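[1] Prediction below, plus the sequence it came from.
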Amino acid sequence: MRPTALDWSTENCTVARAMEVLGERWTLVVLREVFNGIRRFEEMREHSGIPRQVLTNRLHMLVEQGVLRRVPYREPGERERHEYRLTEKGFDLYPVLVAVREWGDRYLADPAGPPVDMVHRDCGSPVHTHLTCAEGHEIGSPREVATRPGPGAVPSKGRAPS
C-alpha cells in the first residue's frame with residue numbers, strides 16, 4: 001500500500017524549515033548554554049568547547065532567526081560587549097531541549113547515569129516531555145498519532161491527492 005504522505009509536497013515542510021535553524025550540532029549546545037544561564041560569549045565558548053568562529057556563526061544565526069537577542073553590557077574599564085538572551089521564540093524551544101536530553105539520557109548516558117537532572121523548581125520532581133492532544137488526552141505511543149494534510153498542505157507535483 002502506497003503511503004498517502006507521498007501525495008503531498010514537502011516543499012513547505014515546517015520540520016525541514018526548523019532543521020534549517022536547529023539542525024547543526026552546535027546550535028542546540030548553544031541553546032543549552034543559554035537555557036542554563038550562560039549568556040556571555042567567552043563563558044559559553046569556555047564551558048561548551050565550541051570553536052570561536054563556530055560559536056560566532058551560531059549566535060549570529062540565532063539572533064538573525066529571532067531565537068536570541070543581543071543585550072549590551074560593560075564591565076568596569078572594558079569595552080561594551082553583548083550577552084545573549086532568549087526571545088519568546090527561543091523559550092518555545094525548551095521542550096525540544098528537554099526531549100533531546102531525555103532521549104540522550106535513555107540511550108547515551110554513561111553507566112553512572114545522566115550528568116544533569118531537570119526538576120520542577122516548586123516540588124523538585126523530574127521534568128519530562130509528553131504528548132497530549134488538544135482535548136487533553138495523554139498520548140502513550142507515537143503509534144497513537146496519525147498525520148494528515150493541514151491547511152497549508154500542497155499536493156505533490158504531477159500527482160493528485162487520493
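    Perfect, I can see it now. Residues are numbered from 1 along each chain as shown.
[2] and Thr87, how many neighbours?
    Using other Cβ atoms under 10 Å, Thr87 is surrounded by 14 other residues. Just so you know, the C-beta spots here come from the backbone N, C-alpha and C atoms, and that holds for glycine as well.
[3] OK, contacts around it?
    When contacts are counted by Cβ atoms under 8 Å, 6 or more residues apart in numbering, Thr87 touches Gly66, Val67, Leu68, Arg69.
[4] Pipe these into CSV and attach pLDDT, secondary structure and neighbour count per row.
    Listed next are the contacts of Thr87 as CSV, based on pLDDT from 0 to 100; DSSP: H, G, I helix; E, B strand; the rest coil; neighbours: other Cβ atoms under 10 Å:
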residue, pLDDT, secondary structure, neighbour count
Gly66, 98, coil, 12
Val67, 98, coil, 24
Leu68, 98, strand, 24
Arg69, 98, strand, 15
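[5] Just the closest of those to Glu24, please.
    Val67 (13.0 Å; Cβ to Cβ).
[6] wait, what's in contact with Asp110?
    No residues are in contact with Asp110 under the rule Cβ under 8 Å, 6+ apart.
[7] I'd say Arg58 and Gly23 touch.
    No: with contact defined as Cβ atoms under 8 Å, Arg58 does not count as touching Gly23 (11.7 Å).
[8] Between those two, point out the one with more neighbours.
    The neighbour count for Arg58 versus Gly23, taken as other Cβ under 10 Å, is higher for Arg58 (21 against 11).
[9] Next, that one: secondary structure please.
    Under DSSP: H, G, I helix; E, B strand; the rest coil, Arg58 falls in the helix class.
[10] Cool, thanks, talk later.
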